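Colleague: Next comes the sequence, and after it the predicted model I'd like to discuss.
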Amino acid sequence: MAEDRETKAVLFEDEVLRDGLQMETRLFSFEEKVKLFRLLAEAKLRRVQIGSFVHPKLVPQMADTDALIRHLGHTPGIVLSGLILNDKGLERALACGLAHLSMSVSVSDTHSRKNANRPAQEALASMVLLIGEAKKAGVQVRAGIQCAFGCVYEGMVPADAVFAAAQAMVHAGADEINLADTTGMGNPRQVRSLVREIGQRFPGTEISLHLHDTRGLGLANMFAGYEEGVRVFDVCAGGLGGCPFVKGAAGNVPTEDAVNMFESMGVATGVDVKGLTRVVDELELLLGRQLPGRMTRVLKAQLPCNAP
C-alpha cells in the first residue's frame with residue numbers, strides 16, 4: 001500500500017543560525033539573529049539549531065549563543081537545539097535549559113584534531129560519557145557523526161568506523177543518529193548503503209542526515225536517504241554555511257530548495273516556502289551577496305511585473 005502524505009512527511013532542522021553563520025566574517029548582531037529566528041518561525045520551521053557552545057575566540061559568531069537561547073525561551077511549535085563538542089559546552093547548554101542537543105564528533109582523526117583539538121577516538125569516548133549525562137538530565141540527544149561519507153584530508157572513511165561510533169552513541173542513550181557529510185564528498189549510492197546498514201544495525205533509532213552541497217549532490221543525496229527511510233534532514237536557508245575546518249566545504253542544502261523538492265513530490269514538509277524567501281532576502285541584504293539557493297529566485301521571477 002502506498003504511504004499517505006502524513007506517513008511520508010519529513011522534518012527539517014534549519015541551521016542558518018549555527019552552521020550558516022559560523023563561517024561568515026561579518027559578525028551578526030544579537031538583534032539580527034533574533035529577527036532571522038522570527039522569520040524562520042513565520043515560515044513554520046519546526047526545529048531550529050540556534051548556535052553552538054564553543055569558545056568565542058575560535059568561532060566569534062557563536063559568542064552570544066547562551067544569551068540568544070535564553071532570550072528566545074520557549075517558542076510554541078518549535079524545538080530549539082544547540083551543538084556541543086565538549087563538557088564545557090554541555091554545561092552551558094544545560095544551564096540554558098535546552099531540551100534538545102546535537103552532540104557531535106568526527107570519525108576522521110585529522111578533522112577531529114582540527115575541529116575539536118582531539119584525536120577521533122578520544123573525542124568519541126568523551127562524547128559517549130557526555131551523552132549519558134545529557135540523557136540523565138532529561139535531554140533529547142541527536143548524536144552526530146561528522147565526516148561519515150569521507151574526509152578531504154584522509155579520503156574515504158571506513159564504514160566500520162562509522163558503525164563503531166554509532167554503536168557507542170546508541171548504547172549511551174542517543175535518540176537519533178545524524179550522519180554528516182561534512183566535506184560534501186558523499187554520493188547517492190554511498191548514502192543509500194550507509195543509511196541502510198545503520199538502519200539494520202540499530203532498528204528503532206531515528207536516522208537523520210546533514211548534507212553539504214559542496215559538489216552539487218546535496219538534493220540527490222537527500223532523496224537517496226529519503227528512499228531508505230530517513231525523515232529528518234538538516235538544511236540551511238539560502239544554502240549558507242559549511243565547516244570552517246574543512247577546505248572548500250561551504251554550502252548546505254538550501255531549505256527552500258529541499259522544501260520544493262519534497263512538496264513537488266507530494267511529501268509534506270509543513271514549511272512555507274514563500275516565507276523562506278523572506279529569510280533569504282534578509283540574509284542577502286545583510287551579507288550583500290546572492291546566496292546559492294534557487295527557489296527564492298524562481299518565486300521572484302513568477303511575481304507580476306507590478307508586484308511590490
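Modeller: Looks like it came in fine.
Colleague: Strands of the stretch 151-300 of the chain, residue ranges please.
Modeller: Secondary structure of the stretch 151-300 of the chain, counting by DSSP state E, counting those that start in this stretch: strands at 176-181, 206-211, 232-235.
Colleague: Which strands and helices lie in contact with the second one?
Modeller: Spelled out, that is strand 206-211. strand 176-181, helix 188-201, helix 218-227, strand 232-235 (3 or more CB pairs under 8 Å, 6 or more residues apart in numbering; DSSP states H and E). Just so you know, the C-beta spots here come from the backbone N, C-alpha and C atoms, and that holds for glycine as well.
Colleague: same check, this time on the last one
Modeller: Counting contacts by 3+ CB pairs under 8 Å, 6+ apart, strand 232-235 is packed against strand 11-14, strand 206-211, helix 218-227, helix 255-264.
Colleague: May I see these arranged in JSON lines, with mean pLDDT, mean neighbour count and distance to Met169 as well?
Modeller: JSON lines is the format used below for these (pLDDT from 0 to 100; neighbours: other CB atoms under 10 Å; distance: least, CB to CB, whole Å):
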{"stretch": "strand 11-14", "mean pLDDT": "98", "mean neighbour count": "23", "distance to Met169": "18"}
{"stretch": "strand 206-211", "mean pLDDT": "97", "mean neighbour count": "24", "distance to Met169": "12"}
{"stretch": "helix 218-227", "mean pLDDT": "97", "mean neighbour count": "21", "distance to Met169": "18"}
{"stretch": "helix 255-264", "mean pLDDT": "97", "mean neighbour count": "23", "distance to Met169": "25"}
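Colleague: Tell me which of these sits nearest to Val128.
Modeller: Closest to Val128 of the helices and strands packed on strand 232-235, according to CB to CB: strand 206-211, at 18.2 Å.
Colleague: neighbouring strands for the closest one, and are they parallel or not?
Modeller: strand 176-181 (parallel), strand 232-235 (parallel) (DSSP bridges).
Colleague: Please work out which residues outside the longest helix along the chain touch it.
Modeller: In the chain, taking DSSP state H as the definition, the longest helix is helix 120-136. With contact meaning CB atoms under 8 Å, 6 or more residues apart in numbering, helix 120-136 is reached by 84-87, 90, 94, 101, 103-109, 111-112, 116, 118, 141, 143, 161, 165, 168-169, 171-174.
Colleague: Is Glu24 in contact with Gln61, as I believe?
Modeller: Yes - contact criterion CB atoms under 8 Å: Glu24 and Gln61 qualify, at 6.3 Å.
Colleague: Look at these two and report which has more neighbours.
Modeller: Between Glu24 and Gln61, Gln61 has the larger neighbour count (other CB atoms under 10 Å), namely 23 against 16.
Colleague: Quick check: the gap between the closest residue to the more buried one other than its chain neighbours and Gln146.
Modeller: In space, and not counting its chain neighbours, Gln61 is closest to Leu21: 4.8 Å by CB to CB, 6 or more residues apart in numbering. Separation of Leu21 from Gln146 (CB to CB, to the nearest Å) stands at 18 Å.
Colleague: and what of Leu217?
Modeller: 18 Å.
Colleague: now do Val59
Modeller: For Val59 relative to Gln146 (CB to CB), the value is 15 Å.
Colleague: Now do the helices in the chain.
Modeller: Going by DSSP H, the chain shows helices at 30-42, 65-72, 87-96, 109-116, 120-136, 159-171, 188-201, 218-227, 255-264, 273-287, 295-301.
Colleague: What is the fourth one packed up against?
Modeller: Read that as helix 109-116. strand 100-106, helix 120-136, strand 140-146.
Colleague: Turn those into CSV, columns for mean neighbour count.
Modeller: Shown next, in CSV, are these (neighbours: other CB atoms under 10 Å):
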stretch, mean neighbour count
strand 100-106, 26
helix 120-136, 18
strand 140-146, 25
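Colleague: Let me know which of the strands paired with strand 206-211 is the nearest to Arg47.
Modeller: Among the strands paired with strand 206-211, the nearest to Arg47 by CB to CB is strand 232-235 (8.2 Å).
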